[in-house]
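> sequence and computational prediction follow.
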Amino acid sequence: MARSLARQGVDLIVSYKSSQNEAAEIVKEAKSLGRKAMMVQADVSNPADVERALRQASKSFSKIDILLNLASVFKSVPFEDITPADWRANIDAHILGTFWPSRIISPRMPRGSHIINVADRTTLGRIFPKYLPYVATKHAVEGLTRALAVELAPKGIFVNAIAPGPILKPDDVLQKEWDAYRLRSRVKFPVSDKEAVEQFALLALYLCTVTLTSGNTYPLDQGHNL
């Protein structure tokens, strides 16, 4: 995702929790494209980590006018096997990982800035079994988007969400499980993972150019709901 944004001319602050090597590659590629880029380590569900990362980033960037909240986990768990740890992982990534960066970084964002959250096509259409904590917390992202839009409107900050279908296989998900999920998604307009990521980036950038929408969720589901 960050690579796609860099190719579209966006300077980057790449936040990572543990994928340091991947973040370094993204920064290297962005710089090769002539973009300003840096990486910061942070658990975005931890406000102290977000505060520290912001202080570090502020040494190189005078302002942040786009915040893209991408933290996510994706794991199938049978209903009877759901544990407190499953809930904690989803709440941390999707709810706290959306709220704390928005809460802490927005005071440093100028008027006309944009926050883009990531919901899921399940918030707008069919829900599959074995993903209860994921689905519930992605619905929470949609609610957060609307509430944040209200809270930040007086500051001139726009908040919207994108609800994608299957885009890019998470590293911790088996290819077999991912293929089955995509098959169940009944995608009408199949594209490659690379194309899907590029189109996500294009939609995110488009939403960062308009000022007539805030608090809304936009599907990017490859025709899933048709």
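Sure, I can see it. Numbers count the residues shown, from 1 in each chain.

> contacts and neighbour counts: CA atoms only from here.
OK.

> what does the lengthiest helix in the chain rub up against?
If you go by DSSP state H, the chain has its longest helix at helix 132-152. Residues outside helix 132-152 that contact it (C-alpha atoms under 8 Å, 6 or more residues apart in numbering) are 73-75, 77, 79, 86-87, 90-91, 94-95, 98-99, 117-120, 122-123, 127, 157-161, 214-217.

> and those residues, which of them are buried?
The neighbour count (16 or more other C-alpha atoms under 10 Å) marks 73-75, 77, 86, 90-91, 94-95, 98-99, 117-120, 122-123, 157-161, 214-217 as buried among the contacts of helix 132-152.

> which of the contacts of helix 132-152 fall in helices?
Short answer: these in helices (DSSP H) are 86-87, 90, 98-99.

> pick the one among those closest to Ala196.
Within those, the smallest distance to Ala196 is 21.9 Å, found for Thr98 (C-alpha to C-alpha).

> count of neighbours near the nearest residue to that closest one once chain neighbours are set aside?
The shortest distance from Thr98 to any non-neighbouring residue, by C-alpha to C-alpha, 6 or more residues apart in numbering, is to Asn69 (5.7 Å). When neighbours are defined as other C-alpha atoms under 10 Å, Asn69 has 22 of them.

> what does Leu207 give?
Applying other C-alpha under 10 Å, we find 22 other residues in the vicinity of Leu207.

> what's near enough to touch it?
Shown in contact with Leu207 (C-alpha under 8 Å, 6+ apart): 114, 160.

> how much space between it and Asp11?
Noted for Leu207: a distance of 17 Å to Asp11, by C-alpha to C-alpha, to the nearest Å.

> same check, this time on Glu25
Counting by C-alpha to C-alpha, the gap from Glu25 to Asp11 is 15 Å.

> look at the two and report which has more neighbours.
Set side by side, Glu25 and Asp11 show more neighbours around Asp11, with 21 against 12, by other C-alpha under 10 Å.

> check contacts around that one.
Asp11 makes contact with 30, 35-37 under the criterion C-alpha under 8 Å, 6+ apart.

> now rank the residues you listed by neighbours and give me the top one.
Compared across those, Ala30 has the highest neighbour count, 24 neighbours, by other C-alpha under 10 Å.

> need phi/psi at it.
With angles defined as degrees, to the nearest 10, Ala30 sits at phi -60, psi -40.

> count of residues packed around the nearest residue to it once chain neighbours are set aside?
Distances taken as C-alpha to C-alpha, 6+ apart put Ala6 closest to Ala30, at 5.5 Å, once the chain neighbours are dropped. Close neighbours of Ala6, defined as other C-alpha under 10 Å, add up to 23.
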